[in-house]
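Trainee: With the sequence up front, the predicted model follows.
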Amino acid sequence: MTVINRVDMAVVKQRIADQVEPQASAFRKLMRDADAAQNFRPDPPETMDIMGGYEPNTNQETLIRPWLWRNCHAAYCSALAFAYTGNRRYADKAVEILNAWAAKKTVFTGHDRGLQLASWFSPMLYAADLLHDYDGWKPADQERFKSWWRANVLVHVREIIHTHGNNWKDAGLLGVLSAAVVLEDQSLLREGLDGIEDYFETRTNRQGRVRS
């Protein structure tokens, strides 16, 4: 969850080439994950019901989080591996995963959908951002992904930044700001930044001291 620009990425690439730690070890771990993801097959459902964490027999830990994570982790580590190596097979795997979910048009239901999507599914957006200029991700497919995300994911994530002030809002802000970048939406960016300002304003008094 770190923003890195092209200049910084060049520095990291050089440190990897020179076997400087911790980047060298982190890169090896990344490539192990990306190589393993080559065998991954995306499995988006038509509908995913995300139960509340305190509901009896909640499905969050046993079903929902692992399901979301295995898909978004495979997409993100593949896209990141492509960014560092230029190997198109990693980009193509990430594209396959993003396209599969957008094509399925998965609908999310359940009490905790906004929180869990923001917390566990945002790496899909990191992958999409890394693939923005990849010529193997067709413009029509990019637009389909963005439209699905805005209509079926973002709508729930946005809601929690306006209705919660705790860790739910933390997760929501991550999801909203990540979406603002991928969707290139200035109004959404402002909404996220206003949410950050509100988040800290409610935790300080007028002298800027943290409330007890």
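Mentor: Received, thanks. Numbering: from 1, shown residues only.
Trainee: Residues in contact with stretch 102-117: which ones?
Mentor: 44-53, 55, 60, 64-65, 68, 141, 144-145, 147-149, 152-153, 156-160, 168, 171-172, 175 (CB atoms under 8 Å, 6 or more residues apart in numbering). Heads up, the C-betas are built off the backbone N, CA and C, glycines and all.
Trainee: do stretch 57-74 as well
Mentor: 33, 37, 40, 42-44, 48-53, 93-94, 97, 101, 112, 116-117, 120-124, 127.
Trainee: Check the protein for its longest helix and report it.
Mentor: helix 65-85 (DSSP state H).
Trainee: what distance separates that helix from the centre of its chain?
Mentor: Averaged C-alpha coordinates place helix 65-85 at 9 Å from its chain's average position (CA atoms, centre = their mean, to the nearest Å).
Trainee: Any buried residues in it, and which?
Mentor: Buried residues in helix 65-85, defined by neighbour count with 16 or more other CB atoms under 10 Å: 65, 67-68, 71-85.
Trainee: just checking, next helix/strand downstream of that helix?
Mentor: The first helix or strand that comes after helix 65-85 along the chain, using DSSP states H and E, is helix 88-104.
Trainee: Can you point out the buried residues in the helix or strand just after that next one?
Mentor: Next along the chain after helix 88-104, taking DSSP H and E as the criterion, comes strand 107-109. Neighbour-count burial for strand 107-109 flags residue 108 (criterion: 16+ other CB under 10 Å).
Trainee: Now do the next helix or strand along the chain from strand 107-109 against helix 65-85, angle only.
Mentor: Later in the chain than strand 107-109, the nearest helix or strand by DSSP H and E is helix 113-120. Here helix 113-120 runs at an angle of 40 degrees relative to helix 65-85 (axes from the mean of the first three to the mean of the last three CA atoms, to 10 degrees).
Trainee: Show me which positions of helix 113-120 end up buried.
Mentor: 113-120.
Trainee: ok, now stretch 14-26?
Mentor: Those would be 15-16, 23, for stretch 14-26 by 16+ other CB under 10 Å.
Trainee: helices or strands next to the helix or strand where residue 146 lies in the packing?
Mentor: Counting by DSSP H and E, the element that carries residue 146 is helix 139-148. Judged by 3 or more CB pairs under 8 Å, 6 or more residues apart in numbering; DSSP states H and E, the packing partners of helix 139-148 are helix 88-104, helix 123-130.
Trainee: buried set for it?
Mentor: 142, 144-146, 148.
Trainee: Stretch 40-52 now?
Mentor: Neighbour-count burial for stretch 40-52 [16+ other CB under 10 Å]: 40, 42, 48, 50-51.
Trainee: and these as JSON lines, adding pLDDT?
Mentor: Converted to JSON lines, the buried residues of stretch 40-52 look like this (pLDDT from 0 to 100):
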{"residue": "40", "pLDDT": "98"}
{"residue": "42", "pLDDT": "98"}
{"residue": "48", "pLDDT": "98"}
{"residue": "50", "pLDDT": "97"}
{"residue": "51", "pLDDT": "96"}
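Trainee: how much space between the residue nearest the centre of the chain and residue 166?
Mentor: The chain has residue 122 as the residue nearest its centroid, 1.9 Å off, counting by CA atoms, centre = their mean. According to CB to CB, to the nearest Å, residue 122 stands 18 Å off from residue 166.
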